[in-house]
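Asks: Take this sequence and fold it.
(chains A and B)
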Amino acid sequence: MLERIRAGSADDFAEIIRQHQARVFAILHRYERDIHKVEDLAQETFVKAWRALAQFDGRAPFEHWISRIAVRTALDHLQKQKRRQNEIGLSELGEDALDWLHSGDEKNELDARSAAELLNLAMRELSPADRVVITMQEIEGRSVKEICAVTGTSSVAVRVRAVRARAKLRKALEKLTNI
Amino acid sequence: MNQRKIEKLFAAARNEATPAPSEHFATDVVRAIGCEKQMPPAETFLLFDQLNLLFPRFAWVAAAMIVLGVATDFGLTATGIPNLSDGVSQVSAQWLLTPDGF
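Replies: Predicted coordinates:
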């Protein structure tokens, strides 16, 4: 199928997109909450993949390759966003998240959506690279080796960044609690 | 905020449902790629190329301004109004270079 796509078959590429779009959307949604922006970023990811298809050698599964492109697209997006917005705003959180944040009771449960919104808000305090590492490790459950492959850094660098990013995230969450 | 609470936050966020792509997403992407294929390659922007492109216009504007200046001077002389050089001489003779001046 890849050979046919390289030869210009649009139908086959559409099929590849259908097979991997859910995965790409899932990755991008970790970094961007706005569904319209997620869709734009997903489109950008597949266009980049199409342009770079000649470089795909087939040694690793296509899913890993497209996931890497999606994370890099998200990283670029975060770097652009970072220049524009750097403030934490509680007004973007729902009541559930606010209650959970201020509650001292650890047994208090938080729904997935509110948790993701809260994390998204706190992670704005992190650099884009820190955010990618912490998201891949803590939310997506990726190994250090996988993070190294996506970020192009050494395992030591990933581990050091993860420790620092966790500390920064804790501070950001405490800051939110004290507002 | 303690570590256990942060872990709970991560655990809850892991379960968030992913938004589904629109029905025509794949078709839209393929269409976007099709448009890209048809677009001519972007040309490299070079300052000299831009200047070369604008040079004939600059030359014509400069020539038009010179002609306009000369024509105005002739016109003023013909109607008896002192031209620019006469005006400057007159001003300097009457005001600036008098014994009471500087």
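Asks: Which of the helices or strands spans B:Gly34?
Replies: Element membership for B:Gly34 (DSSP states H and E) is helix B:25-38.
Asks: same thing with A:Gly8?
Replies: Using DSSP H and E, A:Gly8 falls outside every helix and strand.
Asks: That one and chain B: what is the separation?
Replies: Per Cβ to the nearest Cβ, to the nearest Å, A:Gly8 is found 8 Å from chain B. Yep, even glycine has a C-beta here, placed from its N, CA and C like the rest.
Asks: Helix or strand next in line after the helix holding B:Gly34, which one?
Replies: Following helix B:25-38 in sequence, per DSSP H and E, is helix B:47-78.
Asks: hmm, back to that, remind me what the helix holding B:Gly34 packs against, helices and strands.
Replies: If you count contacts as 3 or more Cβ pairs under 8 Å, 6 or more residues apart in numbering or on different chains; DSSP states H and E, helix B:25-38 packs onto helix A:10-29, helix A:35-51.
Asks: So what angle separates the directions of the last one and helix B:25-38?
Replies: If you take axes from the mean of the first three to the mean of the last three Cα atoms, to 10 degrees, helix A:35-51 sits at 50 degrees to helix B:25-38.
Asks: Likewise for the first one?
Replies: In terms of direction (the same axes, to 10 degrees), helix A:10-29 departs from helix B:25-38 by 110 degrees.
Asks: List of residues touching stretch A:37-48?
Replies: If you take Cβ atoms under 8 Å, 6 or more residues apart in numbering or on different chains as the criterion, stretch A:37-48 is touched by A:17, A:21, A:24-25, A:28-29, A:32, A:66, A:69-70, A:73-74, A:77, B:19, B:21-22, B:25, B:28-29, B:32-33, B:36.
Asks: what about 6 Å?
Replies: A:Ile17, A:Val24, A:Phe25, A:Leu28, A:His29, A:Glu32, A:Ile69, A:Ala70, A:Thr73, A:His77, B:Val29 (Cβ atoms under 6 Å, 6 or more residues apart in numbering or on different chains).
Asks: Just the buried ones among those, please.
Replies: A:Ile17, A:Val24, A:Phe25, A:Leu28, A:His29, A:Glu32, A:Ile69, A:Ala70, A:Thr73, A:His77, B:Val29 (16 or more other Cβ atoms under 10 Å in any protein chain shown).
Asks: Output those in a markdown table, with distance to B:Lys5 appended to each entry.
Replies: Formatted as a markdown table, those follow (distance: Cβ to Cβ, whole Å):
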| residue | distance to B:Lys5 |
| --- | --- |
| A:Ile17 | 39 |
| A:Val24 | 31 |
| A:Phe25 | 29 |
| A:Leu28 | 27 |
| A:His29 | 23 |
| A:Glu32 | 25 |
| A:Ile69 | 34 |
| A:Ala70 | 30 |
| A:Thr73 | 32 |
| A:His77 | 29 |
| B:Val29 | 40 |
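Asks: roughly how far out does stretch B:68-82 sit from the chain middle?
Replies: 36 Å (Cα atoms, centre = their mean, to the nearest Å).
Asks: which residues touch A:Gln79?
Replies: So A:Gln79 contacts A:Pro128 (Cβ under 6 Å, 6+ apart).
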